[in-house]
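Peer 1: The following block contains a protein sequence and its predicted model.
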Amino acid sequence: MAEMLYQRDIYGVTLVELGRQDSNIVVLDADLSGSTRTNLFAKEFPGRFFNFGVAEQNMMATAGGLASCGKTVFASTFAIFASGRAWDQVRNTVCYNNFAVKIVASHAGITVGPDGASHQALEDIALMRAIVNMNIIVPCDGPQTREAVLAAAKYPGPFYIRIGRPKVPTIEEKGEFQLGKAQVLTEGSDIAIIACGIMVNEALLAARSLLEKGIKARVINIHTIKPLDSQAVIEAARKTKGIIVCEEHTIVGGLASAVDEVVAENYPTKVMRVGIRNRFGQSGEPAQLMREYNLTAKDIEKTAEAIIK
Amino acid sequence: MTNYIDNQIKELESKARGIRRLIIQMLSEAGSGHPGGSLSATDLITCLYFGRHNDGRPILRHKPEDPSWPDRDRFHMSKGHCCPLWYAVLAESGYFPQKELMNLRKLGCMLQGHPDRRTPGVDVASGSLGQGLSVSLGMALAAKIDKKDYRVYCLIGDGETQEGNIWEGAMALAHYKCDNVCAMLDYNGFQIDGKIKDIMNIEPVVNKWQAFGWHTIEINGHNIKEILLALKEAMEVKGKPTIIIAHTIKGKGVSFMENVVDFHGRAPTKEEAGKALKELSEHG
């Protein structure tokens, strides 16, 4: 059994690690520091942590002000508020100025679970992807969360890192993490399955099951959605009979759209999307919701078979 | 002793007239932009950039020849549409040649229609209203972390205080006891659609800011002496941020623009500019 980790636990610990190395790191939160785990940093570095209460717009614009004075700022809250509530501040004060503000948004996607639709960010990748200068990473597991946070701290400019609420299985043998570089997890020439976040594990499960039926899948983890590894996408299009893109996000504007754009311009092929189709979320346990919204390995498998047929 | 203040009134009045002339010239040349609020805040910003303390030091600590000097006081224009005023003041301070002003709003220019970091002297872009107090908070917190004594000045508009983000920032600046922040409210009473009190009343202004934990100073925003005294008082306040609530006249200095809402966002024609410049001449 794979190790199960909370990405936000890893985020909290990594922030502390960064804080010890670099006195320029400042961390902000908007009344969710227990949930996002920025409270670990707050405890060790109270002089470099600021809580904004329930005021995400203020937090993002303040992050810009801090960054204008040379700080590397990590700002955290739930994905729904980080991307939606404060979008204008993120666009105009963070990204337009190209400031070193790293938004680490937790509780993204449908797997927020029982809190229901108001708290389930299904559009955040689309919202962030449209903004100039923004970089986006959706790490697939605990260890990759650490690598994403370290990369964001190191590279200049704004970042949006999307992590979830529940524990996620660690994906073994991913190879080295490089910002903007996709990870090919399995080789296969029948079908390509491109995924991010928790959908990477579903993709691998689907690939295993497909293999039993004689279908070889090329599973690709695209952790960096912006800038996108276009070469990896074109290669997937060229080497297989079709692509399935899987994300815990609306099928509009996210990873699937990013892949579509590259494929359409460079190597047109069939692209199918496993994601949420024009529906809001609802209350339920994460596993139930994954089934209800057709986000499981089984759904990927069915889609693969439809392409191969 | 306020002799040092009395001694600079004439010079600052003359400086402000010059800034107003530049605003008219650049807007007329650009053919679009916002004269009303630029002219109403001219005396405030002129005093901030060109006024002096008792010992001769400038009120705003800055080095035009080194715009990113880490110890500089920060100025942020939250009501970004009034950047013609800021650009004129920056040019007059020596951040860039005055002839740049005539390229305002033109393709590829350094002086964008709203403040942008490509302009020397502009630290943070603005234009989408309501974010400036938060930006100032970030600058003020950075000063605290770095144990620096620079101050942060922020110009906000009256219509702008209808934005919720203003009050989030106001609450947080008081919470974090940012006595290194001085906001200036250009209270000219007008917004694009009409009089503030008709569109969306913001009164009682003084009570609101006091309730949010701020030190308030209410002044006539065209009286140089009152402005200089307010800036001095703000520096002496401990434990809370200060807001200078400056009662001003939209379009101040040009008779046919004063309190005329049309000139919020319309540039003067060549003919109007000529008339305005005549009124703003040294002997006008």
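Peer 2: Here it is on my side, so go on.
Peer 1: how far away is the closest residue to A:Arg48 other than its chain neighbours from B:Met184?
Peer 2: Distance criterion CB to CB, 6 or more residues apart in numbering or on different chains; nearest residue to A:Arg48, sequence neighbours excluded, is A:Val26 at 5.0 Å. Where you see a C-beta, it was placed from the backbone N, CA and C, and this is true even at glycine. According to CB to CB, to the nearest Å, A:Val26 and B:Met184 sit 27 Å apart.
Peer 1: got it, and B:Val89?
Peer 2: On the measure of CB to CB, B:Val89 and B:Met184 end up 13 Å apart.
Peer 1: What values do phi and psi take at residue 48?
Peer 2: You didn't say which chain, so I picked chain A. Note on A:Arg48: its backbone torsions stand at phi -120, psi 20 [degrees, to the nearest 10].
Peer 1: Spell out which parts of chain B neighbour chain A.
Peer 2: Contact residues, chain B versus chain A (CB under 8 Å from any CB of the partner chain): B:70, B:76, B:116-117, B:123-128, B:130-131, B:134-143, B:145-146, B:164-165, B:168-169, B:171-172, B:176.
Peer 1: Let's see which of those residues end up in strands.
Peer 2: Mapping those onto strands (DSSP state E) picks out B:His76.
Peer 1: The closest residue to chain B within the stretch 101-250 of chain A bridge partners, please.
Peer 2: Chain B sits closest to A:Val101 of the stretch 101-250 of chain A, with a gap of 9.7 Å, by CB to the nearest CB. Beta bridges link A:Val101 to A:Val73, judged by DSSP bridges.
Peer 1: who's more crowded, A:Val26 and B:Met184?
Peer 2: The neighbour comparison of A:Val26 against B:Met184 (other CB atoms under 10 Å in any protein chain shown) goes to B:Met184, with 30 against 27.
Peer 1: helix, strand or coil for the more buried one?
Peer 2: strand (DSSP: H, G, I helix; E, B strand; the rest coil).
Peer 1: close enough to count as contact, it and B:Cys47?
Peer 2: No: counting by CB atoms under 8 Å, B:Met184 stays clear of B:Cys47, with 9.8 Å between them.
Peer 1: list the residues that contact both of these two?
Peer 2: Overlap of the contact sets of B:Met184 and B:Cys47 (by CB atoms under 8 Å, 6 or more residues apart in numbering or on different chains) is empty.
Peer 1: Tell me how many other residues surround B:Leu155.
Peer 2: By other CB under 10 Å, 27 other residues sit near B:Leu155.
Peer 1: Repeat that for A:Lys309.
Peer 2: So A:Lys309, with other CB under 10 Å, has 5 neighbours.
Peer 1: For it, give its distance to chain B.
Peer 2: In this view, A:Lys309 and chain B are 51 Å apart by CB to the nearest CB, to the nearest Å.
Peer 1: where does that residue land on pLDDT?
Peer 2: Listed pLDDT for A:Lys309 reads 83.
Peer 1: cool, A:Met128 as well?
Peer 2: Looking at A:Met128, the pLDDT reads 98.
Peer 1: Leaving out the residues flanking it, which one is nearest to it?
Peer 2: Nearest residue to A:Met128, sequence neighbours excluded (CB to CB, 6+ apart): A:Tyr160, at 4.3 Å.
Peer 1: Show me how the record splits chain A into domains.
Peer 2: Here the domain parsing of chain A from automatic domain parsing is A:4-169, A:183-308.
Peer 1: Give me the distance between the nearest residue to A:Ser209 once chain neighbours are set aside and chain B.
Peer 2: Residue nearest to A:Ser209 in three dimensions, not counting chain neighbours: A:Glu301, with 5.5 Å by CB to CB, 6+ apart. A:Glu301 sits 46 Å away from chain B, going by CB to the nearest CB.
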